[in-house]
Structures are given as C-alpha cells and as structure tokens.
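Colleague: kindly return the folded structure for what I paste below:
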Amino acid sequence: MEVTKGKIDGVVVIKPPTIFEDFRGTYVETYNEEIYREAGITVDFVQDDISVSTQHVLRGIHGDQETWKLISCLSGKFYLVVVNWDSASPQYGQWEAFTLSDQNRLQVLVPPKFGNGHVVLSEQAIFHYKQSSYYNRAGQFTLIWNDPQLKIWWPIERPIVSRRDAGVE
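Modeller: So this is what the prediction gives:
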C-alpha cells in the first residue's frame, strides 16, 4: 500500500494494498482495517455509499464538521475536488484536485470540515466512499461548484448539477 500526503494538510492519497490483474480481470482490496491502521489511517468507518452518475454530472461540493470520507472510483473516471472549509486552518478555502478511475485505483481520504465534489469524465462512473459518521444532510454544508472566490478549475464548463449544487435549493 502506498500512502502520500496531499498538498492540503489532512488530505491523503492511497494506492490500495492489493491490486491484482490477470486474464480473468481485476481484484482490488479496497479496505483492510489492519493494513490501513498500520499506515496511520485509524478512522473508524460506519457507513459505505455509492453514487452512479453519467458523463458531465457534477455532485457536490458537500461536507460536514465530523465526517472522514475514504473516496474511490469503482468504475469509470471522475475528477475529484477537495476543499478545506475549516475556518481555523491557515489553508482555509484552498482546494486540491485528483483524477480517480477504475484504472489507477487511487483513493483519497478527506478529513472533517472539508468539502468534496466530483464531475464524471467517463460515460458513467461509480463513486464509492466510506464514512466515519452516518449521513446527516441537515448537518452538511454545500459550496457552489463555480464559486468565484474559490476559483476551482473544472475540466468541463457546463456540468449537469442538482438544484442544491447550483445554489438554488
């Protein structure tokens, strides 16, 4: 397993412990508590979720004050943005982007007080994340994907967004 720190404190990029390919296909070990703890990732995850989206769908940027998220791409390819929304941090408002796919199998660990959003680059993608707390929409914050103060670069100009992500709801 390879673990590297992101440019924003608290964000971690992980290459899973086992990726095996042969003529039958691919086997990936996406999480092993013992191996992750040995690597310093001691988060207790309580919920797993997936979202399936088509090309150019943008989901997020959402976060809350308590949840760690371990994000990966099970199928397809997406561009993931992580935003530091911890007002006590010197890196408040800074963002970092990653491309996750079923080819590179990278994972990104997102800390509490950070928001994350993604846009699908392939025809379809399956976004997977483990969470350290149970989903609570009422406790979440939403950042508008094209907020001019954040100056986030996205690889497409006109994504498909929900009313919530467009700032209408």
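
Colleague: helices of the protein, residue ranges please.
Modeller: Applying DSSP state H to the chain gives helices spanning 33-38.

Colleague: please name the bridge partners of the residue nearest in space to the middle of it.
Modeller: Nearest residue to the geometric centre of the chain (CA atoms, centre = their mean): residue 71, 4.3 Å. Residue 71 forms beta bridges with residue 108, residue 129, as assigned by DSSP bridges.

Colleague: quick one, what contacts it?
Modeller: Applying CB atoms under 8 Å, 6 or more residues apart in numbering, we find residue 71 in contact with 80, 100, 107-110, 116, 127-129. All C-beta atoms are positioned from the backbone trio N, CA, C, and that covers glycine.

Colleague: how many neighbours does residue 16 have?
Modeller: 18 (other CB atoms under 10 Å).

Colleague: that one touches residue 35, doesn't it?
Modeller: No. Residue 16 lies out of contact with residue 35 (CB atoms under 8 Å); the separation is 9.1 Å.

Colleague: ok, now which ones touch residue 53?
Modeller: So, once contact is read as CB under 8 Å, 6+ apart, residue 53 ends up touching 59, 78, 120, 124-125, 127.

Colleague: perfect, I'm done here.
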